[in-house]
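[1] kindly return the folded structure for what I paste below:
(2 chains)
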Amino acid sequence: MKASEFYAPTLRAVPAEAELISHKLMLRAGLIRKSAGGMYSYLPLGWRVMKKIMQIIREEMDAKGGQELMMPITQPAEIWQESGRWAVYGDEMMRMKDRHGREFCLGPTHEEMITSLIRGEVNSYKQLPLMLYQIQNKYRDEIRPRFGLMRSREFVMKDLYSFDKDLDGMNISYEKMYDAYDKIFTRCGLKFRAVEADNGAIGGGHSHEFTVLAPSGESSIAYCESCDYAASDEKAELKVICAEVEEMKPLEKVLTPNCHTIEMVKNYLKVPIEKTIKAVAFQDDDGRLILAFVRGDHEVNEIKVLNATNALHLHMAEDSAINEAGGCAGFMSPIGLKDGAAIVVDLTVMEMFNAVAGANEVDTHFINVNPKRDFDAEKIIVTDIRMVQEGDPCPHCGKSLKMTRGIEVGQVFTLGNKYSKALNATFLDENGKEKFFEMGCYGIGVGRTMAAAIEQNNDADGIIWTRAIAPFEVVIVPVNAKVPEQLDYAEKIYDELKNLGVDVLLDDRTERAGVKFKDCDLIGYPIRVTISPKTLESNSVEIKVRRSGEIFHFDRADCVTKIFELLKNL
RNA sequence: CGGGGUAUAAUUCAGUUUGGUAGAAUGCUUGCUUUGGGAGCAAGAUGCCGUAGGUUCAAAUCCUAUUGCCCCGACCA
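    Predicted structure coming up:
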């Protein structure tokens, strides 16, 4: 490809709409343009990257036995009504009617579609397992689209669905996909983690989110550097932290005037924060009071509290509800509460000795609280309800966990028979017995993967592509394309590289050298080959590696081979 | 849906307070010079001042409504 004929409009000024580095660079480098909130055109340069990522995905899907197909974007309401999700999906679904008034939606996902396609056609265990996928636009009318391709309303997604005859088969399919995802994101040159996720209401199986590590990401994760454990902050399991065993002293009430925060209590009583017990009061939708207790330096994880109490939603409790239960805001204690409130105590709290806790009276705290002795075991729920913190021990290997932020680029999920059951999709097993398919679904956000790659690989000058997904692997720059010797020389190297199968761009534009260099850095081609009067004179070429900034001078005779070798490590 | 911001040239932004002929830089076109890190000189083209009402002799500017976009939050997974 010749740059003089290639449509790659770069911008000098940073568009005002972009906040995120990757978003700014995608606009400046001419990869994408916005048409409406959360809707983007992919320009030739951006689409080249998308196609390379899709190709990697296809190769890895096919390697696991996946078969590509293509389903309609527009889906009839009936199948969604059948699964019960037409009503549930809400405003996030883009809906429309045809001229006859029939209802349709633009597919936010394709479980219903693929299941209705399979049922009736696949009716024997002999046809299983089956893995079908497509790469297609998805539509989700997000409340707040943001960060360019990170959260958009129309986006390219690879979605694969697996069908198995039993749970063992389903788990094998899951493992295959997990492995494929690992290979895909590794090939894309991303630093990522497979993060343990909870699949909530769907239940029954496993779920992992593949998360690219980036400070700008929307999800927060805890991970271990010593083993491969990683989990989202809300899902990270935590082990008990045992305090040193002490002799239990008698429980005692002390006055703590105006000390309604842990910080104040700690300072007033001059005790370390690890010796205090903190209370957080919630109410659920039914008005039930839920009291959560964690160590003073810990934070309550609302999701875990939710799960421990089977509540649907939590909000901060009204003072009146606290008083009714016999408590006192700011001085809450599990000791001496009336029945009715759910009391959830973190595991670590139970291991504390001679601690400080509220006394359910104004300006009063207990000292020498020993939960094992003083809490009424019958009335409390003891479980892990704290939020993970940097330095917490890894549940797998015990080393310190680290916290980071990340971008979720893919997810693998087992569905069991949720959809096959809802849509009555069955087959006959070895015994002639009718069974529901055991399914799994596996998605990758292609645009988000591109954005994440940029987010993770850039500098002040622009993008730094990994060779595998770079729009071009090599760019050849004759510093003055008006000089025939330079252009001829460049064209010969261009042809030779092309013959070797290298994806190469010849920047034959008659721009000044500075403009071309700036564009090269901005767009981020892994290797730049410069042709100038100096290199012509010595019959050589100058090579610049974008990522390292290294500069090499190769003889004309073997430069093509050397460039080819260099590429292998990029 | 709540809070905040914003809308003027292809892009980034002045101009709005105090109403009076639409501005700059970059980009674009043409010519000459220049050619290893976003060149110089000269000549150009480019605007429903988001939209709709209102006030006024006169509105980019004041008033009302409305819409788009950006950020924070809630919601959703």
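[2] and stretch A:3-19, end to end?
    Stretch A:3-19 has an end-to-end distance of 29 Å (criterion: CA to CA, to the nearest Å).
[3] sorry, slip of the keys, the one I care about is stretch A:24-34.
    This stretch, stretch A:24-34, spans 12 Å end to end (CA to CA).
[4] how about residues contacting it?
    Under the contact criterion CB atoms under 8 Å, 6 or more residues apart in numbering, stretch A:24-34 has outside partners A:8-12, A:14-15, A:17-18, A:40-43, A:45-46, A:49, A:148-149, A:450-451, A:454, A:458, A:462-463, A:471, A:522-524. Bear in mind the C-beta positions are built from the backbone N, C-alpha and C, glycine included.
[5] let's see which of those end up in strands.
    A:40-42, A:458, A:462-463 (DSSP state E).
[6] in those, find the pair that's most separated.
    Spatial extent of these (CB to CB) is set by the pair A:Ser41 and A:Asn458 at 21.8 Å.
[7] comparing those two, which residue is more hemmed in?
    A:Asn458 (18 against 11; other CB atoms under 10 Å).
[8] is it true that that one touches A:Ile464?
    Yes. Counting by CB atoms under 8 Å, A:Ile464 is a contact partner of A:Asn458 at 6.0 Å.
[9] just the buried ones from the contacts of stretch A:24-34?
    A:8, A:10, A:18, A:40, A:42-43, A:45-46, A:49, A:148-149, A:450-451, A:454, A:458, A:462-463, A:471, A:522-524 (16 or more other CB atoms under 10 Å).
[10] of all residues in chain A, which one is nearest the centre?
    When CA atoms, centre = their mean is applied to chain A, the residue found nearest the centroid is A:Glu408 (1.2 Å).
[11] considering only the contacts of stretch A:24-34, which also neighbour RNA strand B?
    For RNA strand B, the contacts drawn from those by CB under 7 Å from any atom of the strand are A:10-12, A:14-15, A:17, A:522.
[12] so where's the stretch 101-250 of chain A shaky on pLDDT?
    A:198-205 (pLDDT under 70).
[13] quick one: the helices in it?
    A:111-118, A:167-187 (DSSP state H, counting those that start in this stretch).
[14] check which residues of the shortest one are buried.
    Taking 16+ other CB under 10 Å as the neighbour-count basis, helix A:111-118 is seen to contain the buried residues A:111-118.
[15] and if you look at the last one?
    Going by neighbour count (16+ other CB under 10 Å), the buried part of helix A:167-187 is A:169-171, A:173-174, A:176-177, A:180-182, A:184-185, A:187.
[16] for it, which outside residues touch it?
    A:56-57, A:60-61, A:63-66, A:128-129, A:131, A:160, A:162, A:164, A:192, A:194, A:205-206, A:208, A:210, A:212, A:409-410, A:412, A:414, A:416, A:438-440, A:442, A:444, A:449, A:468.
[17] hmm, back to that, I'd like the ones in strands among the contacts of stretch A:24-34 as a markdown table, with pLDDT appended.
    Listed next are these as a markdown table, based on pLDDT from 0 to 100:
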| residue | pLDDT |
| --- | --- |
| A:Tyr40 | 91 |
| A:Ser41 | 91 |
| A:Tyr42 | 93 |
| A:Asn458 | 94 |
| A:Gly462 | 95 |
| A:Ile463 | 96 |
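[18] number of residues surrounding the residue in the stretch 401-550 of chain A that RNA strand B sits nearest to?
    In the stretch 401-550 of chain A, the residue that lies nearest RNA strand B is A:Gly514 (2.4 Å; CB to the nearest atom of the strand). Neighbour count for A:Gly514, taken as other CB under 10 Å: 9.
[19] and it, what are its phi and psi?
    phi -60, psi -40 (degrees, to the nearest 10).
[20] that one and A:Leu506: what is the separation?
    18 Å (CB to CB, to the nearest Å).
[21] the helix or strand of chain A with the lowest mean pLDDT and RNA strand B in contact?
    In chain A, no helix or strand scores lower on mean pLDDT, DSSP states H and E than strand A:314-316, which sits at a mean of 76. No. Counting by CB under 7 Å from any atom of the strand, RNA strand B has no neighbours in strand A:314-316; the shortest distance is 8.3 Å.
[22] which strands and helices sit next to the helix or strand following that strand?
    Next helix or strand after strand A:314-316 toward the C-terminus (DSSP states H and E): helix A:319-324. Under the contact criterion of 3 or more CB pairs under 8 Å, 6 or more residues apart in numbering; DSSP states H and E, helix A:319-324 touches strand A:277-284, strand A:289-295.
[23] longest strand in chain A, by residue count?
    Longest strand in chain A, counting by DSSP E: strand A:401-416.
[24] from A:Glu142, how far off is whatever residue of the stretch 251-400 of chain A ends up closest to RNA strand B?
    Relative to RNA strand B, the nearest point of the stretch 251-400 of chain A is A:His313 (6.7 Å; CB to the nearest atom of the strand). According to CB to CB, A:His313 and A:Glu142 sit 21 Å apart.
[25] those two: who's more crowded?
    Between A:His313 and A:Glu142, counting by other CB under 10 Å, A:Glu142 is the more crowded of the two (15 against 11).
[26] give the contact list for the more buried one.
    Counting by CB under 8 Å, 6+ apart, A:Glu142 has contacts A:38, A:92, A:151-153.
[27] what segments of the stretch 51-200 of chain A are strands?
    A:67-68, A:74-76, A:94-97, A:103-106, A:130-139, A:154-164, A:192-196 (DSSP state E, counting those that start in this stretch).
[28] could you export those as CSV, including mean neighbour count and distance to A:His260?
    Shown next, in CSV, are these (neighbours: other CB atoms under 10 Å; distance: least, CB to CB, whole Å):
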stretch, mean neighbour count, distance to A:His260
strand A:67-68, 13, 61
strand A:74-76, 17, 55
strand A:94-97, 13, 49
strand A:103-106, 18, 51
strand A:130-139, 19, 49
strand A:154-164, 23, 47
strand A:192-196, 22, 37
